[in-house]
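**Student:** How does the following fold in three dimensions:
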Amino acid sequence: MLLIVREWILTGGRPVCRPFLLYLLIGASSLMAQTDPLIQGVVIEHPPRDDEILIPAESSNIPPDTSSPVGVGLLRFYGCTTCHDLWIPPFRGRWGPDLDTVGSKLSRQGILDLLSDPRQVRDDSRMPRVPMSDSARTAIADFLVTLTVDLPPIPANVTGRTGQELYERGDCKSCHKPGGKGGDRGPSLAGIERRIRPEWLVAYLMAPSRMVANTKMPLFEWEAWESQELAVYLVGRGPGGSRERGAGSDLMTGVSSAAQSGCFQCHAVQKVVKPLDIPDPAASLAFVTHHASESASIQIPLEPTQVDAMRKAMHGSRPIDVSDREFLDTFWKTPIGLQGTAPSAHDSLSADLRPTACGNCHVKQVEEWQTSLHAAAMGPGVIGQFLDGAYADAAFVEGCQSCHAPNAEQHASLPTARGYEVNYQFDSALQSEGITCLACHVRAHTRLGPPISDQPPAQVWRGPGHGGAHESSVFQQSDFCSHCHQFG
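**Tutor:** As a prediction, this is how the structure comes out:
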C-alpha cells in the first residue's frame, strides 16, 4: 500500500507541510500510525500548533525581566558604567586596578606583554586574555605609557640589604607569595623584578591609594628610606625598557582601542572619566550613539541591535525579588523551557548553546565539566533504556530526563494538551552531552549564577558576550542541587 504522509518541517521559523511517499506493508489488521518520540520530523495525524513548536518569547523558568542583560553587558564592556558612573554597578567596583600611573609602573614592552597574554607575565594573573589585533595592542600600549607621574630617583646608597627584615616585619608574606610561598590575597611577587619599576614601587608602598585609587593594599606608613630599601630588595634597580610611544601614535586611537577591547569594564583611567546622569528615554539614543559618531574623539562603533539593547538596559525594569524557594520552584520546572531565539544583540558565540561555545571564554569551568558526572549523565546505557521505554511510556523517559538531560532541546518529545508529541527543536547532539551549562545557568538565553567574586569568571574575553549574569546567592546553597540530588 502506498501512503502519502505529511512531514512538518520548520522553514524560517514557521511550520511548513511537505508531502513525501512512504511504502508500508499492511497486514490483516488495521494500520496504526505511530509517531516515534525519538525521531525528529514526522507527524502523521496533524500539524503542530504554533504555541507547541515555535520559539517562545520568554521562559517560564525565570522571573520577568525587561532590563536587557545583554544591554547591561554592553554598557559595562565598553566602559560606559566606569567612565560615566552610571547606576549599573561596574562589576563590584571593577576587577582590575586603576591605570592612572601605569606608565610609571611598567615599560611599554611590559604593557605589550601583559596585553598579549597575562598568564605568561604572571602565572597567577586574574586578567583574562583579550584577543586583539597587533595594531590595537600597540595603540593601547602607546596610550597607557603616557599615564605617568613624576617620581624621584632612588638614591645610589640604597642597597636593599635591610629589605628582607622590613618584608618580614610588615608580614608581607601573609598576602603575597615570593618564590611560591605565602598568602594569595595579593598578587604573587614572582618575577616582579622583571615588571615593576622601583621608583613607582616606592611611591606605592608609601601611599598605595594615591598611586592606585581602588587598591586593596593597606597603608603601612613606611618611612621613605624603608620604602626604598624594601623596593630595591624586591625588584633591584628594576627592569629596563622604554616609556616612549611608538612613532606616529595617536592617543585617542589608543583610548578607542581600549574601549572597544573592553579594558574599561575592569579598569578606570580618571583622565577620561566624565560622570553623567542617565538621560531621559527620549534622549537615550543620542547618549548611547555619541561615541559611534565619526566626530567623537573616542570611537566605539555599535550595531543597531546593540544600541537598542543598551537603551533598554538603562530604562527597563529589573526582576522582582522572590524568595529562594519561589525562585527554585520556578527555575527547576522541567522540562526546562525552550531557550528560544537569542537576543539580536548577542554575537554568534553567545547565541550558541553548546558547552564548547561556553568553553571559548570559560575555559577552566568547561574543562572541569568535561570530566564530571554531569557530562556523563546521558551515556549509552541511559540512552538505551530510553529507547526501550520510549514507545510504551514517554512520561517515563521525561521523568528520567528531568535530571539526566533536563532542557527541552534535549527532549525528543514534549508534553502538550494532546499528550506527548514530537519536539521540533530537539537536538540529539545536545541530548548526548547530558547536564550541560544550560541546565544550571541559562534560561531563555539569560545567564544566571552566583554572586560575582573578585575573580573574573572568564579566562578569555572575546567581547561583550551574553551580558554577564543575574546573580543569586541561591546558587551557593545545597537546595539548588536538590531538584536532582535528593538529600537525606
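
**Student:** rest of the way, CA atoms for contacts and neighbours
**Tutor:** Fine.

**Student:** Could you pull up the residues touching T356?
**Tutor:** T356 makes contact with V366, according to Cα atoms under 8 Å, 6 or more residues apart in numbering.

**Student:** That one belongs to a helix, doesn't it?
**Tutor:** Yes: T356 sits within a helix when classified using DSSP: H, G, I helix; E, B strand; the rest coil.

**Student:** Any figure for the gap between it and K364?
**Tutor:** Look at T356 and K364: by Cα to Cα, to the nearest Å, they are 12 Å apart.

**Student:** Just give the closest residue to L166, not the sequence neighbours.
**Tutor:** Distances taken as Cα to Cα, 6 or more residues apart in numbering place L230 nearest to L166, at 6.5 Å, with adjacent residues excluded.

**Student:** all strands in the stretch 301-450 of the chain, in order from the N-terminus.
**Tutor:** Per DSSP state E, counting those that start in this stretch, the stretch 301-450 of the chain carries strands over the ranges 413-416, 419-422, 442-443, 446-449.

**Student:** which residues are contacting stretch 257-277?
**Tutor:** 76-79, 81-86, 90-91, 94-100, 130, 132, 136-137, 139-140, 300, 463-464.

**Student:** re the thing from before, could you say which helix or strand holds the residue nearest to L166?
**Tutor:** Assigned by DSSP states H and E, L230 falls within helix 224-235.

**Student:** Quick check: next helix or strand after that helix?
**Tutor:** Sequence order places helix 251-260 as the next helix or strand after helix 224-235, per DSSP H and E.

**Student:** and that next one, how far from the chain's centre?
**Tutor:** 22 Å (Cα atoms, centre = their mean, to the nearest Å).

**Student:** wouldn't G465 be in contact with D347 here?
**Tutor:** Yes: the pair G465 / D347 is scored as a contact, 6.6 Å apart, by Cα atoms under 8 Å.

**Student:** Pick out whichever of these two has more residues nearby.
**Tutor:** Neighbours per residue (other Cα atoms under 10 Å) separate G465 from D347, with G465 holding more: 19 against 15.

**Student:** Against A292, how distant is that one?
**Tutor:** From G465 to A292 the distance is 19 Å (Cα to Cα).

**Student:** Likewise for S402?
**Tutor:** From S402 to A292 the distance is 46 Å (Cα to Cα).

**Student:** Equivalent analysis for M127, please.
**Tutor:** M127 is 27 Å from A292, where distance means Cα to Cα.

**Student:** Looking at these two, which has the bigger crowd around it?
**Tutor:** Between M127 and A292, M127 has the larger neighbour count (other Cα under 10 Å), namely 21 against 18.

**Student:** Excluding chain neighbours, give the residue nearest to the more buried one in space.
**Tutor:** Leaving aside its sequence neighbours, M127 sits nearest to P118 (Cα to Cα, 6+ apart; 6.2 Å).

**Student:** cool, and Q455?
**Tutor:** Closest to Q455 by Cα to Cα, 6+ apart is R126, at 6.3 Å.

**Student:** how far away is that neighbour from T289?
**Tutor:** R126 sits at a distance of 31 Å from T289 (criterion: Cα to Cα).

**Student:** Same check on G381?
**Tutor:** As judged by Cα to Cα, G381 and T289 stand 54 Å apart.

**Student:** Equivalent analysis for S348, please.
**Tutor:** In this view, S348 and T289 are 23 Å apart by Cα to Cα.

**Student:** just K216 next, same as before
**Tutor:** K216 sits 35 Å away from T289, going by Cα to Cα.

**Student:** When the two are compared, which one has more neighbours?
**Tutor:** Counted by other Cα under 10 Å, K216 and T289 do not tie: T289 has more neighbours, with 19 against 12.

**Student:** doesn't T305 make contact with that one?
**Tutor:** No: at 11.9 Å, T289 does not count as touching T305 under the criterion of Cα under 8 Å.

**Student:** where along the stretch 151-300 of the chain do the strands fall?
**Tutor:** Secondary structure of the stretch 151-300 of the chain (DSSP E, counting those that start in this stretch): no strands located.

**Student:** Residue ranges in it under the pLDDT threshold?
**Tutor:** 180, 238-249 (pLDDT under 70).

**Student:** how about A395, what does it touch?
**Tutor:** Y420.

**Student:** change the start of the numbering to 35 and stick with it
**Tutor:** Done: numbering now begins at 35, and the last item shifts to A429.

**Student:** check contacts around E257.
**Tutor:** Taking Cα under 8 Å, 6+ apart as the test, what E257 contacts is M240.

**Student:** I'd guessed A173 sits against D284; true?
**Tutor:** Yes: A173 lies in contact with D284 (Cα under 8 Å); the separation is 7.4 Å.

**Student:** Which one of the two is surrounded by more residues?
**Tutor:** A173 (24 against 14).

**Student:** Please identify which helix or strand holds the more buried one.
**Tutor:** A173 is part of helix 168-178 when elements are defined by DSSP H and E.

**Student:** Pull out the buried positions in that helix.
**Tutor:** 170-178 (16 or more other Cα atoms under 10 Å).
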